[in-house]
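Please work out how this folds:
(one chain, ligands or ions: 1)
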Amino acid sequence: MLSNFPTARLRELDAAHHFHPFTDHGALKLDERRVIVRADGVWLHDSEGNRILDGMAGLWCMNVGHGRQEIVEAVRAQMSELSYYNTFFKTTNEPVIELSALLSEITPPQFNMFFYGSSGSDSNDTILRMVRTYWDLMGKPDKKTVIARKNAYHGSTIAGASLGGMGGMHAQSGLPIPGIVHIAQPYWFGEGMDMSKDEFGIHAARELEREIDRLGEGNIAAFIAEPIQGAGGVIIPPDSYWPEIRRILKERDILFVSDEVICGFGRTGNWFGCETYGTEPDLMTMAKGLSSGYLPIGAVAVSREIARVFHEKGGEFYHGYTYSGHPAACAAAIANLKIMRREKIVERVASDIGPYLQERWLRLGDHELVGEARMTGLVGALELVPDKKNLARRFENIGTVGAMARDNSFANGLVMRAVRDSLILSPPLVLSHEEADILVEKASKTLDDTWAMLKKQGLVSPE
Ligand SMILES: *Cc1c(COP(=O)(O)O)cnc(C)c1O
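From the prediction side, this is the model:
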């Protein structure tokens with residue numbers, strides 16, 4: 001058994017045979033490879049016996065925390081009854097039926113049909129094909145272009161990465177594919193500090209209006225956006241942003257897709273981020289928190305109106321995945337959602353652990369290294385800056401200080417992620433008050449350690 005291998009051997013085998021995702025292969029050193037062997041609640045355990053607070057909930061997904069035996073048992077029972085059968089040819093299965101009915105209760109009222117895949121990325125592929133097919137069925141075949149935003153993350157398949165607005169990803173694979181355009185993001189700290197937050201929010205939102213007019217409403221299929229951009233650096237839009245987007249969308253005949261892969265299932269203190277911001281999407285992308293990461297599953301929530309058009313106009317929609325409606329993945333999602341409901345996890349984020357952590361997290365904004373601390377629900381960021389008195393200044397070699405701080409955080413037993421020179425946080429929603437205190441203490445020490453290193457290197461002004 002591999003589990004009997006010493007860490008050094010595991011690292012060698014990993015380096016020899018495992019092609020890691022989102023990794024600089026040349027830079028990843030052997031002894032940096034951390035082998036996670038076990039996890040429980042908000043705690044990870046590695047092969048060297050370290051206990052680490054999982055401040056990223058895996059990859060923004062372990063909403064109910066690690067090690068829930070109830071989900072394990074539901075999957076085991078389903079696997080022994082029916083491990084797999086497809087949902088293509090007039091067939092269905094009990095878990096996919098139950099999950100769909102459950103999602104129709106949980107999602108906003110315009111939704112009552114759900115299409116399944118295995119990830120957020122493939123769900124966005126589905127959406128791209130669905131919105132274009134929808135407009136074909138409506139007799140408006142010119143409506144093909146999708147407007148997305150710079151620095152958005154919508155996944156890593158060709159469609160997902162094209163919808164996303166990550167310059168590095170586009171550059172590596174000749175993306176985006178035709179028919180996808182990107183407008184500005186509502187990132188006040190990064191791009192809008194010459195205006196008030198609200199002025200900037202309106203300004204960024206009106207890019208949507210300008211872009212629709214530039215390309216012609218008759219050519220636009222949809223606008224896709226995350227309520228809060230996650231991987232882009234937890235970009236929490238100014239309060240004025242979503243109301244203005246809502247106004248623009250109301251006046252134009254285009255579909256709105258809310259990518260709820262991170263914001264869905266409680267992250268912002270409501271079941272869905274669109275509820276936090278009062279938008280009314282026609283489609284929602286769901287994954288991650290849908291099963292709390294216990295098994296891979298993604299889904300597209302389809303509005304009654306879109307479902308009606310597909311139903312009434314008829315004709316086959318030539319799209320599906322072998323694992324659409326996979327019974328074991330659906331069983332994991334059902335068990336996860338039952339836990340979330342029973343333990344009132346969404347309500348807890350809204351009125352208990354959310355405000356508790358926010359208050360402490362925002363206080364980290366007083367640290368000399370932090371230019372802005374922000375958090376909504378249980379998702380937040382700390383912008384690191386060299387000179388608190390001049391917030392427009394940035395570190396040279398963007399990303400170096402963020403990576404340094406992230407490594408310090410790991411060393412302090414807390415997983416945070418670095419985006420440019422910010423630290424981001426998205427812990428399991430079951431975080432206790434005591435664990436929140438530990439988290440903030442570790443984050444605070446991380447800031448102190450990083451500041452001390454920067455001072456030693458002469459990268460910040462010695463006060
Ligand atoms: C993670 C993510 C995706 C992609 O999901 P995968 O399951 O990794 O394919 C899509 N959209 C958003 C907002 C995400 O955070």
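
what about stretch 217-233, start to end distance?
Separation of the first and last residues of stretch 217-233 by Cα to Cα, to the nearest Å is 31 Å.

pLDDT of that stretch, averaged?
The average pLDDT within stretch 217-233 is 98.

Pull out the buried residues from it.
Residues of stretch 217-233 classed as buried: 219-233 (neighbour count, 16 or more other Cβ atoms under 10 Å). The way it works is simple: take the backbone N, C-alpha and C, and place the C-beta from them, glycine included.

now swap in stretch 232-239 and tell me
For stretch 232-239, a neighbour-count test (16+ other Cβ under 10 Å) marks 232-238 as buried.

now the residues you listed in a markdown table, with distance to the ligand?
Formatted as a markdown table, these follow (distance: Cβ to the nearest ligand atom, whole Å):
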| residue | distance to the ligand |
| --- | --- |
| 232 | 9 |
| 233 | 12 |
| 234 | 11 |
| 235 | 11 |
| 236 | 14 |
| 237 | 14 |
| 238 | 20 |
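
Closest to residue 281 out of these?
For these, the minimum distance to residue 281 (Cβ to Cβ) is 15.4 Å, reached by residue 237.

hang on, that closest one packs against residue 228?
Yes - judged on Cβ atoms under 8 Å, residue 237 makes contact with residue 228 at a distance of 7.3 Å.

where's the residue of the stretch 201-350 of the chain at minimum distance from the ligand, which helix or strand?
As assessed by Cβ to the nearest ligand atom, the ligand sits closest to residue 261 within the stretch 201-350 of the chain, at 3.5 Å. Assignment of secondary structure by DSSP states H and E places residue 261 within no helix or strand.

Kindly report the same for residue 450.
Assigned by DSSP H and E, residue 450 belongs to helix 433-456.

Roughly how far does the residue sitting nearest the centre point of the chain sit from residue 5?
Closest residue to the average C-alpha location of the chain: residue 262 at 3.1 Å, with Cα atoms, centre = their mean. Separation of residue 262 from residue 5 (Cβ to Cβ, to the nearest Å): 34 Å.

now do residue 226
Distance check for residue 226 against residue 5: by Cβ to Cβ, it reads 40 Å.

For the chain, just list every one of the strands.
36-40, 43-46, 51-53, 111-117, 145-149, 180-183, 220-225, 255-259, 283-286, 298-303, 370-376, 379-384, 417-419, 422-425 (DSSP state E).

could you dump the ones you listed to a markdown table with distance to residue 409?
Output for the strands of the chain, formatted as a markdown table (distance: least, Cβ to Cβ, whole Å):
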| stretch | distance to residue 409 |
| --- | --- |
| strand 36-40 | 16 |
| strand 43-46 | 13 |
| strand 51-53 | 9 |
| strand 111-117 | 33 |
| strand 145-149 | 28 |
| strand 180-183 | 31 |
| strand 220-225 | 29 |
| strand 255-259 | 27 |
| strand 283-286 | 29 |
| strand 298-303 | 29 |
| strand 370-376 | 14 |
| strand 379-384 | 10 |
| strand 417-419 | 9 |
| strand 422-425 | 7 |
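
taking those strands together, which one is wrapped up most tightly?
Comparing these by mean neighbour count (mean count of other Cβ atoms under 10 Å), strand 283-286 ranks first with a mean of 29.

Residue 257 against residue 127, yeah?
Yes - applying Cβ under 8 Å, one finds residue 257 in contact with residue 127, separated by 5.6 Å.

Find residues that contact each of these two.
When contacts are counted by Cβ atoms under 8 Å, 6 or more residues apart in numbering, residue 257 and residue 127 are jointly contacted by 222, 224, 283, 285.

give the contact list for the second one.
By that I understand residue 224. Contacts for residue 224 (Cβ under 8 Å, 6+ apart) come out as 124, 127, 146-148, 152, 154, 163, 256-257, 259.

which residues pair with it across the strands?
For residue 224, the beta-bridge partners are residue 257 (DSSP bridges).

Distance check, it against residue 445.
For residue 224, the distance to residue 445 - Cβ to Cβ - is 39 Å.

The first one now?
Using Cβ to Cβ, we find residue 222 at a distance of 45 Å from residue 445.

likewise the third one?
Going from residue 283 to residue 445 by Cβ to Cβ gives 43 Å.

and the stretch 201-350 of the chain, which of its residues are near the ligand?
Proximity of the stretch 201-350 of the chain to the ligand, by Cβ under 6 Å from any ligand atom, involves residues 226, 230-231, 259, 261-262, 285, 287-288, 298.

can you do 8 Å?
226, 229-231, 259-263, 285, 287-288, 296, 298 (Cβ under 8 Å from any ligand atom).

And those, which is closest to residue 92?
Residue 92 lies nearest to residue 298 out of those, by Cβ to Cβ, at 18.1 Å.

need the contact list for the residue in the stretch 51-200 of the chain that the ligand sits nearest to.
Nearest residue of the stretch 51-200 of the chain to the ligand, counting by Cβ to the nearest ligand atom: residue 120, 2.3 Å away. Contact analysis of residue 120 by Cβ under 8 Å, 6+ apart lists 154-155, 160, 259, 261, 285-288, 298.

repeat for residue 115
Counting by Cβ under 8 Å, 6+ apart, residue 115 makes contact with 123, 126, 130, 299-300, 302, 324.

what's across from it in the sheet?
With DSSP bridges applied, residue 115 shows beta-bridge pairing to residue 300.
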